[in-house]
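Peer 1: for reference, the sequence and a predicted model appear below.
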Amino acid sequence: MAGRRRPAARRLNWKKFVLFCGSVLLLVVLAIGAGLYAFLGGLGPSVNEAAGRGHPEPARQEPINVLVLGLDAGVLEPHTGYLPERTDTIMVVTFDPEKKRAGILSIPRDTRVSIPGHGLDKINAAHAYGGTDLAIKTVENLLNIPIHYYVKINYAGLTKLVDALGGVKIDVEQNMHYVDRAGGLKIDLKAGPQVLDGAKAEQYLRYRNQTGDLGRIGRQQKFVRALAEQVFSASTLLKIPELARIVSENVETDMSPAQIVYYANLARQVDLAQVPIETLEGTPKYIGGVSYFLVDQGKIGDQVAKVLLGVDREANKAVRLEVLNGSGEPGAAREVAEQLSNMGYTVVRVGNADRFTYRESQIVRRPDAPEEAVGAIARALNVTRIVQAGEGETLDVDIRVIVGPDLAG
């Protein structure tokens with residue numbers, strides 16, 4: 001499975017299918033976080049048609065990570081005439097079909113990273129150097145997670161989408177004025193609640209004030225939520241055919257139509273108000289006269305865990321665990337303990353259980369153990385047997401995990 005070839009990127013061909021009203025996934029592609037898709041029916045609920053970047057193909061109920069790239073116009077190369085596109089917007093969107101959960105993590109475009117084959121540079125240059133593949137590899141190295149699929153959208157498509165929706169309601173937080181005659185950009189927005197058409201939405205998203213790129217990312221995230229509310233409104237149903245046309249002409253992805261429909265149906269059940277949207281933490285800094293954003297390396301793991309994996313490692317520190325090997329497989333308990341430690345739990349003891357004949361893994365909980373932690377650990381390990389410590393049994397931790405053959409190896 002891991003060796004399957006990555007399918008060629010395709011433009012979505014909506015004409016092949018009958019319109020599936022009500023299946024609009026704004027969460028994973030429009031949320032500039034894996035885009036707006038007006039979804040079509042006539043397809044079975046099959047998935048698993050495309051594997052991402054040589055990683056094992058996600059099963060139907062497994063989480064997926066989607067890299068969303070918003071492209072700028074690029075810079076003309078004088079010798080080749082090639083117009084490489086840099087990524088103006090970089091977001092990783094995760095969607096967990098089983099938990100009906102999503103999260104969005106923004107990466108500042110000026111983030112200083114090591115781009116494979118090109119050395120240290122701004123992360124938005126990765127796409128210009130090596131297209132989608134290099135952009136994905138660079139993000140994977142930075143966040144230490146697999147990217148399964150990608151979505152690319154340009155500003156032209158976004159403005160057309162907003163116009164087709166009849167505008168998006170935004171409370172513009174300040175007066176915004178900026179003119180770049182050479183770049184053909186003019187921004188002129190008044191502060192206050194208003195409905196932004198496509199052109200004004202682009203101005204709102206591209207404006208940079210004293211907070212630079214970080215301020216703009218904050219506005220992008222605010223815009224995502226407002227756009228999602230607009231897309232999921234009842235009035236949008238009649239506009240789905242036009243939205244589908246705009247998306248098919250301006251969005252590129254390596255997800256198959258069947259996958260999009262499958263995830264769309266599930267994503268409609270996600271509570272948008274509960275979707276965490278954060279930006280990588282760090283500090284702007286000039287190096288060699290160039291403005292970079294230096295990510296706080298010590299916080300990347302915590303942010304990825306919290307936003308993309310749905311794990312609050314800081315809160316989990318309060319939960320004390322012991323992990324015992326009940327399978328007899330050497331190292332089985334240690335591997336599970338490492339997984340739980342990475343989730344933030346405090347593992348105070350790793351050792352052998354009272355016997356090596358357990359047929360399945362189980363969780364032994366103290367009566368006062370936090371219900372949420374017990375459930376989270378059971379889901380993370382896929383353990384279904386949960387028992388309470390027996391009467392008279394001394395348990396000096398909140399939870400004991402006994403590793404059976406199902407978790408060993």
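Peer 2: Sure, I can see it.
Peer 1: list the contacts for Asn124?
Peer 2: The contact partners of Asn124, by C-beta atoms under 8 Å, 6 or more residues apart in numbering, come to 86-88, 90, 109-110. For every residue, glycine as well, the C-beta is placed using N, CA and C.
Peer 1: which residue ranges of this structure form helices?
Peer 2: Ranges of helices within the chain are 126-143, 155-164, 198-206, 212-231, 240-250, 257-267, 297-303, 313-316, 332-342, 371-381, based on DSSP state H.
Peer 1: inside strands: which ones of the contacts of Asn124?
Peer 2: 87-88, 90 (DSSP state E).
Peer 1: if we take those residues, which one ends up nearest to Glu360?
Peer 2: Ile90 (42.4 Å; C-beta to C-beta).
Peer 1: surely that closest one is in contact with Arg109?
Peer 2: Yes: between Ile90 and Arg109 there is a contact under C-beta atoms under 8 Å: 6.0 Å.
Peer 1: list the residues that contact both of those two?
Peer 2: What both Ile90 and Arg109 touch, as defined by C-beta under 8 Å, 6+ apart, is the set 123-124.
Peer 1: how is this structure divided into domains?
Peer 2: Using automatic domain parsing, the domain ranges for the chain come out as 10-308, 314-403.
Peer 1: which of these has the lowest average pLDDT?
Peer 2: Across the domains of the chain, domain 10-308 has the smallest mean pLDDT, namely a mean of 74.
Peer 1: can you give me the offset of that domain from its chain's centre?
Peer 2: 9 Å (C-alpha atoms, centre = their mean, to the nearest Å).
Peer 1: what separation do you get for the nearest residue to Thr253 once chain neighbours are set aside and Ile386?
Peer 2: Distances taken as C-beta to C-beta, 6 or more residues apart in numbering place Val151 nearest to Thr253, at 4.6 Å, with adjacent residues excluded. The gap separating Val151 from Ile386 is 38 Å, by C-beta to C-beta, to the nearest Å.
Peer 1: and these two? which has more neighbours close in?
Peer 2: Neighbour comparison, Val151 and Ile386: the larger count goes to Val151, with 26 against 14 (by other C-beta atoms under 10 Å).
Peer 1: beta partners of that one?
Peer 2: For Val151, the beta-bridge partners are Val68, Thr253 (DSSP bridges).
Peer 1: correct me, but it touches Val247?
Peer 2: No: using C-beta under 8 Å, Val151 is not in contact with Val247; the gap is 10.0 Å.
Peer 1: so who does Thr384 touch?
Peer 2: So Thr384 contacts Ala378 (C-beta under 8 Å, 6+ apart).
Peer 1: near the nearest residue to Ala332 once chain neighbours are set aside, how many residues? Count them for me, please.
Peer 2: Leaving aside its chain neighbours, Ala332 sits nearest to Ala408 (3.8 Å; criterion: C-beta to C-beta, 6+ apart). Per other C-beta under 10 Å, the neighbour tally for Ala408 reads 19.
Peer 1: could you do Gln203 as well?
Peer 2: 20.
Peer 1: swap in the one 3 residues further on?
Peer 2: Taking other C-beta under 10 Å as the criterion, the count of residues near Arg206 is 19.
Peer 1: check Gly375 too.
Peer 2: Counted with other C-beta under 10 Å, Gly375 comes out at 12.
Peer 1: now swap in Thr357 and tell me
Peer 2: 11.
Peer 1: tell me the contacts of the spatially closest residue to Ser106 that is not a sequence neighbour?
Peer 2: Leaving aside its sequence neighbours, Ser106 sits nearest to Thr279 (C-beta to C-beta, 6+ apart; 4.4 Å). With contacts defined as C-beta under 8 Å, 6+ apart, Thr279 is in contact with 105-108, 214, 217-218, 221.
Peer 1: need phi/psi at the closest residue to Asp197 other than its chain neighbours.
Peer 2: Distances taken as C-beta to C-beta, 6+ apart place Gly167 nearest to Asp197, at 5.1 Å, with adjacent residues excluded. Backbone torsions of Gly167, given as degrees, to the nearest 10, read phi 100, psi 170.
Peer 1: residue contacts, Gly167?
Peer 2: So, once contact is read as C-beta under 8 Å, 6+ apart, Gly167 ends up touching 195-197, 201.
Peer 1: now, which of those residues lie within strands?
Peer 2: Of those, the ones assigned to strands by DSSP E are 195-196.
Peer 1: now, which of the contacts of Gly167 sits nearest Glu98?
Peer 2: Each of the contacts of Gly167 was scored against Glu98 by C-beta to C-beta, and Ala201 proved nearest at 34.0 Å.
Peer 1: nothing else from me, thank you.
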